[in-house]
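In: Structure for the following, please:
(one chain, ligands or ions: 1)
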Amino acid sequence: MPSRQKLIFALVVLVIAAITGAGALWLTGSLPRGPIGSGTALVGGPFTLTDQNGKRVTDQDFRGKYMLIFFGFTFCPDVCPSELQVMSAALDQMGSEADKIQPVFITIDPARDTPEAMKVYVSNFHPRLIGLTGSEADIAAVAKAYRVYYAKAKGTENQTDYLMDHSTILYLMGPDGKFVKHFTYGTEAKGLAEALRQAVQQ
Ligand code: NI
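Out: The predicted model follows:
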């Protein structure tokens, strides 16, 4: 081969190698995949937690029902109470169709949200709302499985009445425990009821 052709050939080989390398990196998941969209299969998973009556429960206990899950904390001044109200109102609007759905509130502040605290709190919302808490490790594991972010809010870490920053996504999991769809904070009760009705009829 003339030297110019050799050079072009070498360049082509280099470019192919670079593209293949990048592709392999991407395929092996070194690039982050979000909780929504094509990475949906990665949301959710096994958990063992304690309900508001002090009973240990696992994700397996909810098989056969849809789970509508929101993560938060009982001291939350605004987002959690308003989202739990929207969830409750949506379920009420669905009538008997709502029986297919188990509403679940999982705390990301287990230090303060004991089963007793959760029991009082969930009773303010839907009568079938289950409140789940656990050890710091239990909560860290379930939050990781659901890609939920939480941390003490900056500037309040050293106070006893600290606040928590947390993700505000509402998850609908199927009767098989697999992710079905999510709702963002701000979805109104009517729209949520309609979307849930469609999801559970499929
Ligand atoms: Ni909150």
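In: center of this structure - which residue?
Out: Closest residue to the average C-alpha location of the chain: Y146 at 3.9 Å, with Cα atoms, centre = their mean.
In: Give me the contact list for stretch 183-202.
Out: 66, 68, 79, 83, 86-87, 89-91, 93-94, 97-98, 100-101, 168-170, 172, 180-181 (Cβ atoms under 8 Å, 6 or more residues apart in numbering). Where C-beta positions appear, they are placed from N, C-alpha and C, glycine not excepted.
In: is the ion contacted by it?
Out: No - applying Cβ under 5 Å from the ion, one finds stretch 183-202 separated from the ion by no less than 9.3 Å.
In: What residues of that stretch count as buried?
Out: Neighbour-count burial for stretch 183-202 flags F183, T187, A189, L192, A193, L196, R197, A199, V200 (criterion: 16 or more other Cβ atoms under 10 Å).
In: now do stretch 61-71
Out: Using 16+ other Cβ under 10 Å as the test for burial, stretch 61-71 gives F62, Y66, M67, L68, I69, F70, F71.
In: Also stretch 102-117?
Out: Going by neighbour count (16+ other Cβ under 10 Å), the buried part of stretch 102-117 is 102-110, 113-115, 117.
In: Looking at these, which is nearest L163?
Out: Of all the buried residues of stretch 102-117, L163 sits closest to D109, with 9.4 Å by Cβ to Cβ.
In: Give me the three-state assignment for that closest one.
Out: Classification of D109 by DSSP: H, G, I helix; E, B strand; the rest coil places it in coil.
In: Count the residues that sit near the residue nearest to it when sequence neighbours are not counted.
Out: In space, and not counting its chain neighbours, D109 is closest to F73: 3.6 Å by Cβ to Cβ, 6 or more residues apart in numbering. F73 has 25 neighbours, counted by other Cβ atoms under 10 Å.
In: Report the contact partners of D51.
Out: V57, P115, M118, I130, G131, L132.
In: run the last query once more with 6 Å
Out: Residues in contact with D51 (Cβ atoms under 6 Å, 6 or more residues apart in numbering) are V57, I130, L132.
In: residues making contact with stretch 98-112?
Out: So stretch 98-112 is contacted by 62, 65-71, 73, 87, 91, 113, 126, 129-134, 136, 139, 150, 164, 166, 200 (Cβ under 6 Å, 6+ apart).
In: Tell me what the residue nearest to R128 when sequence neighbours are not counted is bridged to.
Out: Distances taken as Cβ to Cβ, 6+ apart place P103 nearest to R128, at 6.2 Å, with adjacent residues excluded. Counting by DSSP bridges, P103 forms beta bridges with L68.
In: if you look at the buried residues of stretch 183-202, which of them are in helices?
Out: Those of the buried residues of stretch 183-202 mapping onto helices are A189, L192, A193, L196, R197, A199, V200, per DSSP state H.
In: and the chain, which residues reach the ion?
Out: G72, C76, V79, C80.
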